[in-house]
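> show me the folded form of this:
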Amino acid sequence: MLHLVKPSAPPISLGPDGEIHRLELLKRYEILDTPPEAAFDRITALAADLFDAPIAIVSFLDGHRLWFKSHHGLDDTEVRWGPEAAVSTMETMIRGELGVGFFVSAPLITHEGHYLGALCVIDHHPREADERQLRHLATLAALVTDRLELRLIAHNAAARAEILAAEIDHRAMNSLQLVASLLHLQSRAAPTPEAAQQLAIAANRVMAVARVHRNFSANESIESVPVVAYLRRLGGELADVLGVVIDVEGTETSVPTKQLLAIGLVVNELATNATKHGAGPLKITFMPAAAGQYELCVLDEGPGLPDGFDVSRHKGIGLGIQVVRALVAQLEGHLSAGANPAGRGACFTVTFPCATPATDAGLRHLG
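Next comes the predicted model:
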């Protein structure tokens, strides 16, 4: 027995090219070939229970196939037919393919009146359906189309949010560059060489944040990023700014994006300090250390650390090391300093764990 639930308003006729336009409308909802969703599965379960039937499907008519978004009581996910097949209705096609004895369906009509597919209930044995069941099936079909509209709204909102985030990033970069330029101009008019130097250092730090942010924001849409490749990009930019050769080596490892900004700022500060107090080319290495730990090193070939240098003391160290210590604390890591194991120079080492939920919370304000 076949039963068709008629919509309250007929579907919109789209003219001679109606099928092409209908398929374009269907693709706009980005529903085809998507994974199962609980909301649709609950609707098919209710529909099957309403008719005390074993099978219910949410189906979408896509060219030469009928694809099932939800298929309660059925293993098949679609029914296909060739372009030469003359299938007059979806119902006769399902009856022929699945050999059903009872079929009832309610069309999926969008709010604009476009036909996309149907909510169907199937049984292998013939039976009758009453008006109450048909009314409820039409209501469930309307819930399917409501869900489709909500998915479309959410997708459009996410796309707008992505555009807005990109615009915010662009404006943030411009603002950081403007602040750095103003500080450089102010340094030229400073009353003393010491004041000029401090303003220039402040300008360089602002530009450091801009450089790291540029690399960071390009990757923040994914959860983890290959860190050695990231450090090579950052090292290339720092080499141009500092006028020194920077070599980056290490074992490629993906780290959470929430750690990237802190890692980049640590490297910037240590490389700047190494150029100021050291000599020769710089080397940056990144390696796995103990279980769940990573080791980041910045090495130079300068005169080495002064006698009695203690990176953990609170007095007598420069602002740059204080900044590094604060960043390392955000990584829940440990900072140490010693001689360059390859020979002349100094080596600063940061050991830190891969991000956990606890460290994520501590790093949020850095992003």
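
> show me what counts as buried in stretch 253-264.
255-264 (16 or more other Cβ atoms under 10 Å). Every C-beta, even on glycine, is put in place using the N, C-alpha and C of the backbone.

> all helices for the stretch 51-200 of the chain, in order.
With DSSP state H, counting those that start in this stretch as the criterion, the stretch 51-200 of the chain has helices at 90-98, 131-188, 193-217.

> cross the buried residues of stretch 253-264 against helices and list the overlap.
257-264 (DSSP state H).

> now the residues you listed as JSON lines including distance to G235?
Formatted as JSON lines, these follow (distance: Cβ to Cβ, whole Å):
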{"residue": "T257", "distance to G235": "19"}
{"residue": "K258", "distance to G235": "21"}
{"residue": "Q259", "distance to G235": "17"}
{"residue": "L260", "distance to G235": "14"}
{"residue": "L261", "distance to G235": "16"}
{"residue": "A262", "distance to G235": "16"}
{"residue": "I263", "distance to G235": "12"}
{"residue": "G264", "distance to G235": "10"}
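
> most widely separated two among these?
K258 and G264 (12.2 Å; Cβ to Cβ).

> that older thread, out of the buried residues of stretch 253-264, which is nearest to T192?
G264 (32.1 Å).

> how close does the closest one sit to E37?
Computed as Cβ to Cβ, to the nearest Å, the G264 to E37 distance reads 38 Å.

> likewise for Y29?
Y29 is 13 Å from E37, by Cβ to Cβ.

> next: A339.
From A339 to E37 the distance is 59 Å (Cβ to Cβ).

> gap between the two ends of stretch 207-225?
Start-to-end span of stretch 207-225 (Cα to Cα, to the nearest Å) is 22 Å.

> stretch 335-351 too?
With Cα to Cα as the measure, what separates the two termini of stretch 335-351 is 7 Å.

> so which bits of it are buried?
Buried, per 16+ other Cβ under 10 Å, within stretch 335-351: 335, 337, 340, 345-351.

> farthest pair in the residues you listed?
Maximum distance among the buried residues of stretch 335-351 (Cβ to Cβ): 19.6 Å, for G345 and T351.

> what sits in contact with each of Y29 and E37?
Counting by Cβ atoms under 8 Å, 6 or more residues apart in numbering, Y29 and E37 have no shared contacts at all.
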